[in-house]
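Student: Mind folding the following:
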Amino acid sequence: MLDYLGGTTIPGPEMPLIVVTMDGKHRVQLMRLVDPDVTIPVRFDDFKKEVEAAGLAGKVLYLDRGDEFRFTL
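Tutor: Below is the predicted model:
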């Protein structure tokens, strides 16, 4: 599962703000639903902590800028 999901919000008529993309908790829920072999997050500041708390750290590959991953079929 490739992941390019942030935690973007926009102002709403009431608090909390309206979430228009996924935050770390939502992304972990998606991982559990899809159950991919590996997830490669593009942005992972809030995601990494949530993944570790969920016990899913072994299913996530964090790449540094410029790194690449070759998928096998």
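Student: low-confidence ranges in the protein?
Tutor: 1-7, 15-16, 19-20 (pLDDT under 70).
Student: Which parts of it are strands?
Tutor: Remark: strands assigned in the chain by DSSP state E are 2-3, 9-10, 18-19, 40-41.
Student: I'd like the distance between the residue sitting nearest the centre point of the chain and residue 61.
Tutor: Nearest residue to the geometric centre of the chain (CA atoms, centre = their mean): residue 27, 4.2 Å. Residue 27 sits at a distance of 14 Å from residue 61 (criterion: CB to CB, to the nearest Å). (Glycine included, C-beta is placed from N, CA and C.)
Student: before we move on, what about residue 71?
Tutor: Taking CB to CB, one finds residue 71 at 11 Å from residue 61.
Student: With neighbour numbers in mind, choose between the two.
Tutor: When neighbours are counted by other CB atoms under 10 Å, residue 61 comes out ahead of the other of residue 71 and residue 61, with 11 against 8.
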